[in-house]
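Peer 1: Predicted structure and sequence below. I'll ask about it afterward.
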Number of protein chains: 2
Amino acid sequence: MDDQAFDYESLYGKAAPASAARFAGFPKYMFVGGNNDPEQIPVEGLIEAAASVLRRDGASLAIYNLGMGPQGYPGLRRFVADKIARDRGIVATIDDVTITSGSNHALEMVGKLLLDPGDTILIEEFTYSGAMGVFRRLGASFVGMELDADGIVTDALAVQLAALKAAGKLPKFIYTIPTIQNPTASILPLARRKALLALARQYGVAILEDECYADLLWRGVEAPPALYALDPGCVIHVGSFSKSLAPAVRLGYIVAGWELMRRLLPLKPDSGTGALDQMIVAEYFSKHFRSHVDHLNGVLHDKLRTMVEAVEREFGATAECWHPKGGIFLWIKLPDAVDVRKLIQPAADAGIQFNPGPEWAVDADRSKSHLRLCFAMPSKATIRAGVAALAQVCFEQTGLPERGGNVARGARSRPAA
Amino acid sequence: MDDQAFDYESLYGKAAPASAARFAGFPKYMFVGGNNDPEQIPVEGLIEAAASVLRRDGASLAIYNLGMGPQGYPGLRRFVADKIARDRGIVATIDDVTITSGSNHALEMVGKLLLDPGDTILIEEFTYSGAMGVFRRLGASFVGMELDADGIVTDALAVQLAALKAAGKLPKFIYTIPTIQNPTASILPLARRKALLALARQYGVAILEDECYADLLWRGVEAPPALYALDPGCVIHVGSFSKSLAPAVRLGYIVAGWELMRRLLPLKPDSGTGALDQMIVAEYFSKHFRSHVDHLNGVLHDKLRTMVEAVEREFGATAECWHPKGGIFLWIKLPDAVDVRKLIQPAADAGIQFNPGPEWAVDADRSKSHLRLCFAMPSKATIRAGVAALAQVCFEQTGLPERGGNVARGARSRPAA
């Protein structure tokens, strides 16, 4: 019967999204996506952890949620509670921690709890594209908060909040990445954290704190306590294992007091997050977190240096880099004359993928000359060759940068703009 | 600052669901939930599989979706394609298979693709409560299809479809569990499968085939080919690893041709399903599926016999059991005078949890005397004691059954109704 046509088209819902393209593999120079360094996956450590945790708790796989309730594997919640106490100053019991299937899942739960279509949220002017996607699907609209090298400019935020209140458009919450902001990789200083919390209290606006990158700090860099540590009453705290370990392992977490958590849990009707992911990561990190992350941060910092050197060599003064204090990405400003959207296709043709600023910002026009480059996954040789190739594409399209590798660039084709 | 109250109440969205209760552990006699037998988890086999697959593919955990695209770990998709070819007669490439985080996740994706709020779907009159929950959240309303011991009564369905068409209320799709129907555990015969497909074609209604239990057949029981095998053009096929292996491992799958799959994939914006779950299950089942499931089915069939014996001993002629051909649950009809909803709280007080028929049916009143008992997780001793305790509760509340264990029941309290 299958040779007859069947008309699915007429059955699709009105809101059904457009088709996906077939997965075609990665480009040669892959500078997008929160991927990690494949060489830093602790394969033998994970194998040992799997054996240990499965011998202890494996039989409970037979039961939904391991028979341990919807908040996730207690061993992993214990690890999270201990880690955020030690590293982020947060006092939380394991009842305040729920494991999610990645941190976007946590953002979605919070958005579903707080947002009605048409609601406003305050969000950093340059921010994580994935979070915007989650909140946009829930019908939110965004107001951007001004950023400088230290994160949210809280004085400007005070003015914005007063204006929003006057206009009857107070946001439901402020979404912020205070510790290794995405994409600027800044760290919000303590005084601004306190000012931000005071504003949240003053206007009755909650704070959604995304600390996905807070484990990835360069040696010697210290971050102030988490916003949640300073005022758990008005902050919801979210974190991830994607960056400290591996993004294919789908593990994030949400930290909130029980009054809020009990409202969030019904918004996770997934019968639990993958148990093998949870169990094995709990077992491995309970023993090896600090040593793993310290080593990883050294490797990542080294890759960042390689990327910054390549950008300086290939782009010279044409590119201004924000200076990351940790993380896996570099946020770059090109001259105003360069609209990075016009580089997307030529770069793709040259095997390069980058994050165009407009996709990483509330106001696309304000970030049309910015781009984000991720450095964790590619090798140093790929970083050097890819940045050189990107500079060449940029020159061919815009005439900039005129010099690269300390020599004048040869034009394979004259710049169009 | 955290001793100040913060008013979250005023921030909750209009559709925010009610609060969850704290997880309080399981009752003594736990006869609900699609749990499996903890003694049948192949712990050493999973440990061996973890070591083997992580040594081979572990480094790719550093990359979202293992760098292998959004449809899931190819090793697991290969296993699914091979299994459904061998056992269900389905011809599919791994491009036709997408791994989901449990089968409800697959149902949700299909619902999001096809349903607009207010749409109708046809659904078996007794059916899986979780599926109804998924579709209800998407705004669907249900029309029940009559069931007998062989599943959907297709002659009755033909009449229903004609009437729905005449009323301008043709459903978007038919949701069915043709192979080990939940909760009746029947198997739809080949002739009815063909009749069902012909009706779907005639009315342009898609079929969503849920085969979550199709791996769990008693020895000697043969199921006809899957609906998808008979007509892939109008069927979307869903399956699960929750029953054949373990529900805490969140793995299901969806099988569909590319034209449909490309519309479904954007409805899975979760950055992938847990990779350790996927990898380890793929590795274990690629080698041990048949032997694991054959052994498991023997154990489950034995537990079913224990439960049926206990029901016959304790309830006598008061209970009519549907006769499962596989699976993990028993669907029981008590006399019409018994409304099982009135047993829920007294049973809970006695440490017993069961699935009341009304939660497992389109029309609560038509199933008010039914209940579902799951037998995979509890031990045989627990099954015997729990069924006896349930019969005692039933007698105390309704006066039935009057005899149990071949002796007249003593009334601890006189029946109220």
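Peer 2: Cool, got the structure.
Peer 1: For the stretch 201-350 of chain A, list the residues in contact with chain B, please.
Peer 2: Contact residues (CB under 8 Å from any CB of the partner chain) of the stretch 201-350 of chain A with chain B: A:201, A:204, A:206, A:230-234, A:245-251, A:258-260, A:262-263, A:265-267, A:269-277, A:280-281. Backbone N, C-alpha and C define where each C-beta goes, glycine included.
Peer 1: Confirm that A:Pro225 sits in a strand.
Peer 2: No. Checked against DSSP: H, G, I helix; E, B strand; the rest coil, A:Pro225 lies outside a strand; its state is coil.
Peer 1: That one and A:Gly89 touch, don't they?
Peer 2: Yes. Counting by CB atoms under 8 Å, A:Gly89 is a contact partner of A:Pro225 at 3.4 Å.
Peer 1: Sort out which of the residues of the stretch 201-350 of chain A next to chain B are buried, if you could.
Peer 2: Buried by 16 or more other CB atoms under 10 Å in any protein chain shown: A:201, A:206, A:230-234, A:245-251, A:260, A:263, A:265-267, A:270-277, A:280-281, out of those.
Peer 1: Inside helices: which ones of the residues you listed?
Peer 2: Among these, the ones falling in helices (DSSP state H) are A:201, A:230, A:260, A:263, A:275-277, A:280-281.
Peer 1: Throw those residues into CSV and include pLDDT, thanks.
Peer 2: Output for those, formatted as CSV (pLDDT from 0 to 100):
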residue, pLDDT
A:Arg201, 97
A:Leu230, 98
A:Leu260, 96
A:Arg263, 97
A:Ala275, 98
A:Leu276, 98
A:Asp277, 98
A:Ile280, 98
A:Val281, 98
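Peer 1: Between which two of these is the distance greatest?
Peer 2: A:Arg201 and A:Leu276 (41.6 Å; CB to CB).
Peer 1: so where do the helices sit in the stretch 301-417 of chain A?
Peer 2: In the stretch 301-417 of chain A, the helices defined using DSSP state H, counting those that start in this stretch lie at A:344-349, A:380-398.
Peer 1: Please name the residues that touch A:Leu61.
Peer 2: Counting by CB atoms under 8 Å, 6 or more residues apart in numbering or on different chains, A:Leu61 makes contact with A:275-276, B:38, B:41, B:245-249.
Peer 1: residue ranges with poor pLDDT in chain A?
Peer 2: A:1-3, A:410-417 (pLDDT under 70).
Peer 1: And the residue of the stretch 51-200 of chain A that's closest to chain B?
Peer 2: Nearest residue of the stretch 51-200 of chain A to chain B, counting by CB to the nearest CB: A:Gly69, 3.0 Å away.
Peer 1: which SS class is that residue?
Peer 2: A:Gly69 ends up coil, using three-state DSSP.
Peer 1: still on that earlier bit, quick one: which of the ones in helices among the buried ones among the residues of the stretch 201-350 of chain A next to chain B is nearest A:Thr93?
Peer 2: Nearest to A:Thr93 among these, counting by CB to CB, is A:Leu260 at 14.0 Å.
Peer 1: For the closest one, which non-adjacent residue is spatially closest?
Peer 2: B:Tyr8 (6.1 Å; CB to CB, 6 or more residues apart in numbering or on different chains).
Peer 1: Please write out the alpha-carbon positions of stretch A:10-27 in PDB.
Peer 2: Extracted C-alpha coordinates of stretch A:10-27, given in PDB (Å, rounded to 0.1, in the frame of the first residue of the first chain):
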ATOM      1  CA  SER A  10      -3.300  18.700   5.300                       C
ATOM      2  CA  LEU A  11      -2.900  17.200   8.800                       C
ATOM      3  CA  TYR A  12       0.000  19.400  10.100                       C
ATOM      4  CA  GLY A  13      -0.900  21.800  12.900                       C
ATOM      5  CA  LYS A  14      -0.900  25.500  12.200                       C
ATOM      6  CA  ALA A  15       2.200  26.100  14.400                       C
ATOM      7  CA  ALA A  16       4.200  23.200  13.000                       C
ATOM      8  CA  PRO A  17       7.800  24.500  12.400                       C
ATOM      9  CA  ALA A  18       9.500  24.300   9.100                       C
ATOM     10  CA  SER A  19      11.400  21.200   8.000                       C
ATOM     11  CA  ALA A  20      14.800  20.300   9.200                       C
ATOM     12  CA  ALA A  21      17.700  19.700   6.800                       C
ATOM     13  CA  ARG A  22      19.500  16.400   6.800                       C
ATOM     14  CA  PHE A  23      22.500  16.400   9.000                       C
ATOM     15  CA  ALA A  24      25.500  16.900   6.800                       C
ATOM     16  CA  GLY A  25      28.400  16.600   9.200                       C
ATOM     17  CA  PHE A  26      30.500  19.400  10.500                       C
ATOM     18  CA  PRO A  27      32.500  22.000   8.500                       C
END
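Peer 1: For it, list every residue counted as buried.
Peer 2: Judged by neighbour count (16+ other CB under 10 Å), stretch A:10-27 contains these buried residues: A:11-13, A:16-17, A:20, A:26-27.
Peer 1: Also stretch A:307-320?
Peer 2: Quick answer for stretch A:307-320 (16+ other CB under 10 Å): A:307-308, A:310-311, A:313-316, A:318-319.
Peer 1: next one: stretch A:288-295
Peer 2: A:288-289, A:292-293.
Peer 1: Check whether A:Leu113 really touches B:Glu9, as I assumed.
Peer 2: No. A:Leu113 is beyond contact range of B:Glu9, at 11.5 Å (criterion: CB under 8 Å).
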